[in-house]
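Novice: Sequence and predicted structure, then a few things I'm wondering about:
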4 protein chains.
Amino acid sequence: MPTTNPYDDDKLREECGVFGIFGHHDAAAHTALGLHALQHRGQEAAGLVTFDGEQFQAHRALGEVGEIFSKQEVMKELTGHAAIGHVRYSTSGGTLVRNIQPLFADMEFGGFAIAHNGNLTNARSLRRALVKRGSLFQSTTDTETIIHLMATSIRTNLTGRLIDALLQVEGAYSVVAICDDQVIGIRDPYGVRPLVLGKLGSAYLLASESCALDIIGAEFVRDVEPGEVVVLNRGGVHSLRPFPQKSSRFCVFEYIYFARPDSVVDGIDVYSTRKAIGRHLAQENAVEADLVVPVPDSGVPGAIGYAEEANLPFELGIIRNHYVGRTFIEPTDQIRHFGVRLKHNPNRALIEGKRLVLVDDSIVRGTTSRKIVEMMRLAGAKEVHMRIASPPTTHSCFYGIDTPEKEKLLAHQMTVDEMCSHIGADSLAFLSIEGLYRAMGLPGRDDKKPGYCDACFTGDYPLSLTDHEDNESGQLSLLAELG
Amino acid sequence: MPTTNPYDDDKLREECGVFGIFGHHDAAAHTALGLHALQHRGQEAAGLVTFDGEQFQAHRALGEVGEIFSKQEVMKELTGHAAIGHVRYSTSGGTLVRNIQPLFADMEFGGFAIAHNGNLTNARSLRRALVKRGSLFQSTTDTETIIHLMATSIRTNLTGRLIDALLQVEGAYSVVAICDDQVIGIRDPYGVRPLVLGKLGSAYLLASESCALDIIGAEFVRDVEPGEVVVLNRGGVHSLRPFPQKSSRFCVFEYIYFARPDSVVDGIDVYSTRKAIGRHLAQENAVEADLVVPVPDSGVPGAIGYAEEANLPFELGIIRNHYVGRTFIEPTDQIRHFGVRLKHNPNRALIEGKRLVLVDDSIVRGTTSRKIVEMMRLAGAKEVHMRIASPPTTHSCFYGIDTPEKEKLLAHQMTVDEMCSHIGADSLAFLSIEGLYRAMGLPGRDDKKPGYCDACFTGDYPLSLTDHEDNESGQLSLLAELG
Amino acid sequence: MPTTNPYDDDKLREECGVFGIFGHHDAAAHTALGLHALQHRGQEAAGLVTFDGEQFQAHRALGEVGEIFSKQEVMKELTGHAAIGHVRYSTSGGTLVRNIQPLFADMEFGGFAIAHNGNLTNARSLRRALVKRGSLFQSTTDTETIIHLMATSIRTNLTGRLIDALLQVEGAYSVVAICDDQVIGIRDPYGVRPLVLGKLGSAYLLASESCALDIIGAEFVRDVEPGEVVVLNRGGVHSLRPFPQKSSRFCVFEYIYFARPDSVVDGIDVYSTRKAIGRHLAQENAVEADLVVPVPDSGVPGAIGYAEEANLPFELGIIRNHYVGRTFIEPTDQIRHFGVRLKHNPNRALIEGKRLVLVDDSIVRGTTSRKIVEMMRLAGAKEVHMRIASPPTTHSCFYGIDTPEKEKLLAHQMTVDEMCSHIGADSLAFLSIEGLYRAMGLPGRDDKKPGYCDACFTGDYPLSLTDHEDNESGQLSLLAELG
Amino acid sequence: MPTTNPYDDDKLREECGVFGIFGHHDAAAHTALGLHALQHRGQEAAGLVTFDGEQFQAHRALGEVGEIFSKQEVMKELTGHAAIGHVRYSTSGGTLVRNIQPLFADMEFGGFAIAHNGNLTNARSLRRALVKRGSLFQSTTDTETIIHLMATSIRTNLTGRLIDALLQVEGAYSVVAICDDQVIGIRDPYGVRPLVLGKLGSAYLLASESCALDIIGAEFVRDVEPGEVVVLNRGGVHSLRPFPQKSSRFCVFEYIYFARPDSVVDGIDVYSTRKAIGRHLAQENAVEADLVVPVPDSGVPGAIGYAEEANLPFELGIIRNHYVGRTFIEPTDQIRHFGVRLKHNPNRALIEGKRLVLVDDSIVRGTTSRKIVEMMRLAGAKEVHMRIASPPTTHSCFYGIDTPEKEKLLAHQMTVDEMCSHIGADSLAFLSIEGLYRAMGLPGRDDKKPGYCDACFTGDYPLSLTDHEDNESGQLSLLAELG
């Protein structure tokens, strides 16, 4: 959902999705369709770069994929057999056109385009060093750091320079790039963000999630592995492993909320995992009730699992209005408290006099939870038991997810009891961290080698946080630019 | 869904929703919110007229409610304590700004604004007579006929003229109007289209569905009755009954598809009715299967009811992409067959090797059904049993719903067996007409006095079809106008 | 110049220009070019209606002709061998799309389109009577009155109905219309507004000024005569004279300011007339000076004539910036007094220390004159003698020209001496009314039969002012509409 | 005039205008007004950067100054006491937003913004060297070279780095920049492009032409001298002279066509110079005729001078339509030959039967001249004598003016006699190069030290043409980008 809607700000947000294809005569259209399937990973802007063997073509704009790439005059310019694309959500006022990816640079040995999902944790330190030596940054994205590191590398081919650059950065990244007439896909050594490999006829593809393969009828081949560099070119697919090996730490929140339920990421089916989470939630936190009601849409699979396990009816007690768009009626003070109803309406006839289990995927600031509980009570619910299909979110993410500062996370400020009373529920329960790992099919959390990044629940950050620990000013540019 | 999306054309479409309010200082903002809740009844255009005791203010535009009424400079002009609004879907190229409602006219005794849900079945005949006498039509809507009948009435107040006009028209209508410093709501004598009365503080409201009351926190008072004229003014609510009494024939398809599941229309809760339909569907057409899968979003409540009755798991086997918007990537030939996937993606991990019951609300042309069955098979479903939560749609609607000509309705062309083979399912079954009435809580269909309009299933048209039987040319204007 | 520019409001404004063509396969493109040549007669909106023998096509929009008709997708829809067009400047907030001409109506005997230059002086009275009988007005233009009079006429062909209607209206009008597969041009019996007839191959044309014939290489045939109805159809050109004969009163201000200098209107060449005016101005009001400087652009021909007669150098002492457009930098208070310089800059090097004769075509409110005199002094002029190439404008126009109310006309409020001191000039002189007639080639003004309408200088209004003398409210619609 | 108008392509085009101000609380609004006065130097795009002591603010867009800077929400963001601005015309498809100036960079010692009028003749060679060392270019403008040279300089303050950079570039430039809380103005050592210094209260200003000082009521102080660096800061105005001294070669074409007639540039009044050129043209090329007619608008001052000297009447024989805008009716084949009439119309009544002297400022390709001569003949001119107020344009400019390649210049292809017959005139004559220098007030051209750059007439290029002589590919970027 778009950032300008004031009633939808209570979720963590995936910041990006990427897509790449090599060896298809209609590379741009397939990339546009792939980005459309990944739209949930970033709704603010999208871009696409193609390569025809000699020249690169680009189109980048604010807006949704369907708007940006629906015009024939745009698509017919995007010629070539190779393409990469990006959807983006940005965290702050920095909605600058020059920040829209893929980024592009003319380098000594040719052109280079890159699109990035994730977040570099030492980008600011590297930027300072690069500026000192004469590099000029044009965007405020961390991704541009990679390009300048490449430009100043002494290696004599672009792929080598790219690996050179990535050996210097820290953080989480799944990257797609075009250079030297090939499309390259890279996942960081911990494999924090997803990246899958697909095949369509003789063409190979890369995408953040498998749903982007489905939309174009491509076949899922395998996940790109943590620390793997996959090169797609006229010779097919090649694999390099230039990074020191690490133990994998895939983002567990992709299963809880970010990924689409019809995707398979990092080898596991998202929808079934969400249902399993719902079942474990019911086992851990049973309550007497009449109905299980999901907070739509993200709470639905968890609620189905919960209802099955608890043997309670699953019912659509809250109806979501899908017409909530980019802009809406500016709320005057007197109508502001109806805000949440722009998106959600209680199914009054169903709810009245009932004891409800409300299932949501997570609580961030708690603002929406509070409004929804109140809405259920006004609609006549007798009891409202809130069940959250993840552990309490107590820490910020620095690996590519937009989270509020730790201080604004409700679970950082309060105990579960305090949270329950804050949101006005009759009871509130979260899935335990052990329960989460069990829902993932593991016996529990192995604290030495947990297998997933769960830092938002545990504070156990697998990758160093160089910039975060750096006390220097965070302002990346002295320039504020309109439009 | 907007008309320009080529992949979503296989549903009947409600053509309009209306809203009215009298006696609130913030009438325009409340009307905009009400229209937002009614957006599913018309996505092409919206309009709003307010009255401040002396002057009328209007704003009408193509687009969704949230876009049109999100700007402060628009809202601040829409002053007054009375307002009516309209959302509209139009059937053909006639997307003219001058057709957007509410329509307005300066008449001898003051200004008059009107918004209309439904369809007049003798509008063309009346228009011909009015043109002959010197009336000039500016739009091509049937609604304008009402205004000219009023203008040429000899009654000396506008309310009287409005009733005079409505006594001459045939067809289905729920109308809201402003004149003589009052807001008027009228439902045709058969009550084909819905209209409810609500209350917010001391203000009274009218809306097509109760969900438009919920969004602004208004209280549901009652349905406006068939043939009733409700007048909202400084004296409160008054009721007139100028029409000869008829037996009610509310549109049964409102329960099947048009109305929002969280609405209560004509006294009955939509969501529960849909679930009941699903249960009757399961009783009538049982099949051995592993999963019940809804075609989202309209098939969901029926599928929940079916699953409960059949004691099968309810699962989200098809994921809907809610980012499908007004425009999309123009499909080149090679990618056209992926069209349906822009909106729907199979949940492959769930489906593979399973026997599915697919539940949809209706089949119109059958194009989407066919693609979805094929998609399920490609995703590995072992068997696909299609169950439709309504009887076969064999006849066109002339009462305010956009239906294809009878010849294009799949159920008009084929038997159920032929349809099954056409869409490629292992089995296909529809709810019986008797089952539909039972799901409505009746013992069955009383053929003499059925209680609902079910002409699209039975061909039993309760209201005369004057224009339809008229052989003269259908062109309403010699003028073709761009944008 | 557009209405939103706050620095250009000190001129009278022609309200419309019209164009028509019959018998050309590319009627729309020629009409668009003709309207472009008439753009100075109305910059706010433009419209074009074509007829292909069966159907009418229309496109109307706010903006300049070049913008509105530059797109191929627009032009290719405007098919047919007959077309009429209109450019429009409107006086007030009434910038409504529904007011843009040509207006169109479906009548009993076919379609009818009309475009009108001028102003009907009894439109409001007629409108009241028509509304009483049931006619519904959709615009607030006086032109719509003509259409309703036609609709309610008992004649059985449209041309007859049009003449019927015009026999009932009072005021000034030059009209072009399409009906019955012909293009009709009409000039009111006094011939207040211009209309010329042209020929291009076998096609005939009508235009407000001859410059619209030149742009498409058409030949000037003759002026349409006062009270003449010219019918262009497959049979060629026909002429009717249904009105009682009057003595001609063509608008003399067309020669002073409105018409383009390269036009010939009502038989007389505009540029030469403006130069002759300048010469008579010099004869009547000689002054010792160094330079003659025009206020650009309208003062230029008069200044050339003045300079020749006075034997003084003609110099561009004021440079006009032609980039002043539809919008400009909103003037904060501190820079508001530089306003006039957005459009005019003194040619300082030329002016310094000189005695100037400034020549302008007229003074309306006097605001610009005052600023220009001040600007000349700041640039170092030793003396500034203002000479106006028309008599003092003391009365409002009701015949199709936008003038301020009489009370706001500087010449209504002050004597010439007072005006001189108000604008800060060393001397100020106007052309006399006798001088004006002499410049037109007449011996002087014949007060009984002046030959021109000069009401703005003399108050001698040739046509009745029914609406103006009517005391009823002037509001034409109870509806205020955005956009 | 905008580049998309196909009928206006027969002039050389100034590529840029610059403006700067330091020490005014309303720096942005004054810069916007200054840019408006310089709009004739570039109509394609405009930009403005302000500095408030800590942060830079920028707004850059395609379009005219009046559109871009007319919105309050734009202007209120552009805070600060220092500002620079730029208007731009670009030669080719390279209408990229990222090419719009002022350019900005975050450097080691702070932010830096720059706007540039002129053209660097070794930019491509420098770019290649910088890319080799790791610099990444984001635009395709030569101006960005300056910024990268600064970034890689070893000097420790930005002003020093800027001078360092300029010592390495060759070509013509007048630059304004902001860094270190000062506004800097620089003119290249030959002073090819203009730059003037002004004063408004305690604030100092820089502008391409003096007309930009007039519009805001600022006082002209002096020209910035060739090779001078002017620093405006809290201490007032300071002057540096870091470059080796050269003899001045100001662009003589600024007097012929580029500069506004009301400007004084490089110490000389433009309007008087144009009139003097007209007088010398008359002396050198007398002809028997009835009228002197300017090709508007650029031929007007020359025609006035010619008419005075030849003692012939000066008359507006061609009327220019100022509504020719950014777009126009796409000319179908049959109407293409009317193209020139969109802009120019003959004043037929004046011309018929007359012998004309047509005065234009220059002939580039000759396309417009040919059409205008033909138009005069069709309007009935008896003889058409073309007189050009400059010598034949035989060479391209590489110093900031958009000229066709030499091969397309009519005077490069033909003798004057051939040109005369090509354009269809009765006679054709150009001002001699000696006559041009005499009109500038000199005794004639001093071939050793001409004092002006007249390379377009003589091929005597004062500055080296490094890039032009370089045979490497001219493509500056492998990336083609839409919008």
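Specialist: Perfect, thanks for sending it.
Novice: Now do the same contact list for A:Met376.
Specialist: Residues counted as contacts of A:Met376 (CB atoms under 8 Å, 6 or more residues apart in numbering or on different chains) are A:Val293, A:Gly317, A:Ile318, A:Pro346, A:Ile351, A:Leu356, A:Leu358, A:Val384. For the C-beta atoms, the positions are set from N, CA and C on the backbone; glycine is no exception.
Novice: will you turn those into JSON lines that also has distance to A:Ile146?
Specialist: Formatted as JSON lines, these follow (distance: CB to CB, whole Å):
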{"residue": "A:Val293", "distance to A:Ile146": "45"}
{"residue": "A:Gly317", "distance to A:Ile146": "47"}
{"residue": "A:Ile318", "distance to A:Ile146": "43"}
{"residue": "A:Pro346", "distance to A:Ile146": "48"}
{"residue": "A:Ile351", "distance to A:Ile146": "51"}
{"residue": "A:Leu356", "distance to A:Ile146": "49"}
{"residue": "A:Leu358", "distance to A:Ile146": "43"}
{"residue": "A:Val384", "distance to A:Ile146": "48"}
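Novice: Residues of the stretch 51-200 of chain A that sit close to chain B?
Specialist: Neighbours of chain B within the stretch 51-200 of chain A, by CB under 8 Å from any CB of the partner chain: A:Glu64, A:Val65, A:Gly66, A:Glu67, A:Phe69, A:Ser70, A:Lys71, A:Gln72, A:Met75.
Novice: Backbone torsions only: list them for A:Phe56.
Specialist: Dihedral angles phi and psi of A:Phe56 (degrees, to the nearest 10) take the values phi -100, psi 150.
Novice: Can you tell me the closest non-neighbouring residue to it?
Specialist: Leaving out its chain neighbours, the residue that sits closest to A:Phe56 by CB to CB, 6 or more residues apart in numbering or on different chains is D:Leu479, at 4.5 Å.
Novice: so who does that neighbour touch?
Specialist: D:Leu479 neighbours (CB under 8 Å, 6+ apart): A:Val49, A:Gln55, A:Phe56, A:Gln57, A:Ala58, A:Phe104, A:Asp106, A:Gly111.
Novice: So which of these are in strands?
Specialist: Among the contacts of D:Leu479, the members found in strands (DSSP state E) are A:Val49, A:Phe56, A:Gln57, A:Ala58, A:Phe104, A:Asp106, A:Gly111.
Novice: from the residues you listed, which two are the most distant?
Specialist: By the measure CB to CB, A:Gln57 and A:Asp106 form the most distant pair in those, at 14.1 Å.
Novice: Make sure A:Arg193 is actually in contact with A:His116.
Specialist: No. At 9.2 Å, A:Arg193 does not count as touching A:His116 under the criterion of CB atoms under 8 Å.
Novice: okay, the residues of the stretch 51-200 of chain A next to chain B in JSON lines with pLDDT, secondary structure and neighbour count next?
Specialist: As requested, those are exported to JSON lines (pLDDT from 0 to 100; DSSP: H, G, I helix; E, B strand; the rest coil; neighbours: other CB atoms under 10 Å in any protein chain shown):
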{"residue": "A:Glu64", "pLDDT": "89", "secondary structure": "coil", "neighbour count": "27"}
{"residue": "A:Val65", "pLDDT": "92", "secondary structure": "helix", "neighbour count": "30"}
{"residue": "A:Gly66", "pLDDT": "88", "secondary structure": "helix", "neighbour count": "22"}
{"residue": "A:Glu67", "pLDDT": "87", "secondary structure": "helix", "neighbour count": "17"}
{"residue": "A:Phe69", "pLDDT": "91", "secondary structure": "coil", "neighbour count": "28"}
{"residue": "A:Ser70", "pLDDT": "85", "secondary structure": "coil", "neighbour count": "18"}
{"residue": "A:Lys71", "pLDDT": "83", "secondary structure": "coil", "neighbour count": "14"}
{"residue": "A:Gln72", "pLDDT": "83", "secondary structure": "helix", "neighbour count": "10"}
{"residue": "A:Met75", "pLDDT": "91", "secondary structure": "helix", "neighbour count": "19"}
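Novice: For A:Ala32, the count of nearby residues, please.
Specialist: By other CB atoms under 10 Å in any protein chain shown, 28 other residues sit near A:Ala32.
Novice: Then A:Val87 would be within a strand, right?
Specialist: Yes. Counting by DSSP: H, G, I helix; E, B strand; the rest coil, A:Val87 is part of a strand.
Novice: Which residue comes closest to it once chain neighbours are left out?
Specialist: In space, and not counting its chain neighbours, A:Val87 is closest to A:Gly42: 3.7 Å by CB to CB, 6+ apart.
Novice: give me every residue that touches that neighbour.
Specialist: Residues near A:Gly42 by CB under 8 Å, 6+ apart: A:Glu14, A:Glu15, A:Cys16, A:Gly17, A:His86, A:Val87, A:Arg88, A:Tyr89.
Novice: hang on, the earlier thing: from the ones in strands among the contacts of D:Leu479, which is closest to C:Tyr461?
Specialist: Of all these, A:Ala58 has the smallest distance to C:Tyr461: 65.6 Å, by CB to CB.
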